[in-house]
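1. turn this into a structure:
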Amino acid sequence: MTLEQASSKSFRLNNVLARAIRDNLYRRLYSSKASISTPEIHEQEIKSVSDYKNGNDRENVVLADALNLLSPRKVPSDRPNISYKPSLLSHLTSGSLSEQKQFSEANLTKLLADSLPEPSNNRNSVKEHLDHLLAGLNYVSSHTIGDSSGGGSGAPLDLLALSSKELSIYIKSLKSEQALVKAFEFFHYNNALTLKITTEILLNRALVNLNKLPVQIDSLLLNDTKSNSFKNWSKEDVISLNIILLKKYHDLKKPLLIIRNLKENFESHYLPTIEGAGGTDRVWLSPFYERIIWKFYFEYLSQDEQYYVQRISKLRSTILIWESSIPSKSIDLFTSAFEFHKQGLNPLQLAFFKLCSSKLTKSLIQDELNSSSHKMSSPTLSQLKQLSIKYKIYTFPKTTESISMERKSTLYLFINALESIILDEYVTKQGAVDSNSIVEIMELFKEIKEYKETELMNIKAEIGINEWSNKFVKG
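-> Numbers count the residues shown, from 1 in each chain. Okay, the predicted model is just below:
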């Protein structure tokens, strides 16, 4: 066998072997009973395969497709883009021109900036704000204020429609902490929380746990008024609320919180307010709030009352300090205050100061304080303080000229009350003191009566008119 014949024979053998391998693969792909999915072939490719008349070429194409040797297929144009992401902002801004302007990215950014709290050291501030917002929406949409017992079964009540007096009566009628918290939440989430409403809720003794309120009211400072509940509050309102918290802490028996409140606010806010900011005499703080300050400041920080009497140098604050002082210090305090303000007092104020600093008054108060039956209290001192609080003697005019009838009636009532105290408490107890003290009190009684007859009743003028009338009739 020649070399050429051997080469030809080897070629044919290789060709037969390749055909046999191909046929074996073909039978496995299309004749096997195993669950093998048939490869997908595009319509264009199937058409080109069917055009082959030669079975061998068709088998080659099928084999090449099975072995993934054909060119990559094109993705159909109607298949959705997997990179698409829905956008709420795009949905809002795809409407009409007015809607696009209303929900533009700049407006939405400004809206979020106004509603969200400013960044702070508290990492959870935004989360807490959103929690409160969701709680408020849920509360307003589903809540109805129930009966005053807090059971929640009463008829719906529109608190926003009540007058100030009706609202005060309603809050005072609430007897459970749950009802008070719900009332606070109602005004908080409706942006209707005022100082008056907050004060009446806080001073209700049924409210014990301040942490149940939707805001941290016990840590409210002057720079915290940007929150929704207090954004409309003035500086004066925030100061007044912190003063009310002194009274609340006292009711809850939390002396440490009282001390912290005083140390944080007395020198920076309370005292400048009492003295009058900017050197003016205008004091917006009511006597109620100022008495609270002095009471707890002297009781918990043991400061010298006489020092502040001389520092402030105002009759109003002097009397309020005396009204707030403890019984054991009231006697000496009023005596020194009398000497300090003696030159600027009107006749009625002078008579009251004389009575409170008299020997008989000191003796009666001291005996009552030493008595075990009164438990370190003095009924006489309490009566004098109540008289001062009720009629606000620091407001009495220096002269009775051109005063209103209402003001004159107040002076009448004060004189009658003062005369009753002298007659009932002093004259009936004259056996306990020496006669000189009684003479002093009776002289004071005559001065008060003379002031009433000459300044208020104008008896001298009336006598002159009567005498002139009698002469005219006789003539």
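
2. any idea how far residue 210 is from residue 248?
-> Computed as CB to CB, to the nearest Å, the residue 210 to residue 248 distance reads 8 Å. Bear in mind the C-beta positions are built from the backbone N, C-alpha and C, glycine included.

3. check contacts around the closest residue to residue 379 other than its chain neighbours.
-> Counting by CB to CB, 6 or more residues apart in numbering, residue 379 lies nearest to residue 368, which is 6.2 Å off, once chain neighbours are set aside. By CB atoms under 8 Å, 6 or more residues apart in numbering, residue 368 lies in contact with 374, 377, 378, 379, 380, 381.

4. now residue 313: closest residue in space that isn't a chain neighbour?
-> In space, and not counting its chain neighbours, residue 313 is closest to residue 340: 8.0 Å by CB to CB, 6+ apart.

5. so who does that neighbour touch?
-> 309, 310, 313, 318.

6. over to residue 248?
-> 202, 203, 210.

7. could you tell me the model confidence score at the last one?
-> Just to be clear, that refers to residue 210. pLDDT for residue 210: 92.

8. so how far is residue 344 from it?
-> For residue 210, the distance to residue 344 - CB to CB - is 43 Å.

9. give me the more crowded residue out of the two.
-> Using other CB atoms under 10 Å as the criterion, residue 210 and residue 344 rank with residue 210 on top: 19 against 10.

10. is it true that the more buried one touches residue 201?
-> No - at 10.4 Å, residue 210 does not count as touching residue 201 under the criterion of CB atoms under 8 Å.

11. could you dump the contacts of residue 248 into CSV with secondary structure and distance to residue 271 added?
-> Formatted as CSV, the contacts of residue 248 follow (DSSP: H, G, I helix; E, B strand; the rest coil; distance: CB to CB, whole Å):
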residue, secondary structure, distance to residue 271
202, helix, 23
203, coil, 24
210, helix, 26
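
12. buried ones among the contacts of residue 368?
-> Those of the contacts of residue 368 that meet the buried threshold are 378, 380, 381, by 16 or more other CB atoms under 10 Å.

13. quick check, pLDDT for the closest residue to the first one other than its chain neighbours.
-> Once its chain neighbours are removed from consideration, residue 378 has its nearest residue in residue 368; the separation is 4.1 Å (CB to CB, 6+ apart). For residue 368, the model assigns a pLDDT of 86.

14. so where does residue 368 fall, helix or strand?
-> Residue 368 is part of helix 359-370, with elements assigned from DSSP states H and E.

15. the helix or strand just after that helix packs against which elements?
-> Helices and strands here follow DSSP H and E; after helix 359-370, the next one along the chain is helix 379-391. Applying 3 or more CB pairs under 8 Å, 6 or more residues apart in numbering; DSSP states H and E, one finds that helix 379-391 contacts helix 315-324, helix 327-341, helix 347-356, helix 359-370, helix 405-421.

16. and helix 379-391, C-alpha only, in CSV?
-> Presented in CSV, the C-alpha positions along helix 379-391 are these (Å, rounded to 0.1, in the frame of the first residue of the first chain):
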residue,chain,number,x,y,z
PRO,A,379,-53.7,81.9,112.2
THR,A,380,-53.1,85.6,112.9
LEU,A,381,-50.3,85.8,110.4
SER,A,382,-52.3,83.8,107.8
GLN,A,383,-55.2,86.2,108.1
LEU,A,384,-52.9,89.2,107.6
LYS,A,385,-51.2,87.6,104.5
GLN,A,386,-54.6,86.6,103.0
LEU,A,387,-55.8,90.2,103.5
SER,A,388,-52.7,91.5,101.6
ILE,A,389,-53.0,88.9,98.8
LYS,A,390,-56.7,89.5,98.3
TYR,A,391,-56.6,93.3,98.1
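
17. and it, what's buried?
-> 380, 381, 384, 385, 387, 388, 391.

18. who touches it?
-> Taking CB under 8 Å, 6+ apart as the rule, helix 379-391 contacts 287, 319, 322-323, 327, 330, 352, 355-356, 361, 364-365, 368, 393, 410, 413-414, 417-418, 421, 425.

19. any weak-confidence spans in the stretch 301-450 of the chain?
-> 372-375, 428-435 (pLDDT under 70).

20. again, 80 this time
-> By pLDDT under 80, the low-scoring segments of the stretch 301-450 of the chain are 302, 372-376, 400-402, 425-438.

21. quick one: residues contacting residue 415.
-> Here residue 415 is in contact with 348, 448, 451, 452, 456 (CB under 8 Å, 6+ apart).

22. any idea which of those residues has the most stuff around it?
-> residue 348 (24 neighbours).

23. residues touching residue 329, list them.
-> In this structure, residue 329 makes contact with 298, 305, judged by CB under 8 Å, 6+ apart.

24. in the helix holding residue 368, what's buried?
-> For helix 359-370, by 16+ other CB under 10 Å, it's 360, 361, 362, 363, 364, 365, 368, 369.

25. now swap in stretch 174-192 and tell me
-> Under 16+ other CB under 10 Å, the buried positions of stretch 174-192 are 174, 176-189.

26. thank you kindly, that will do.
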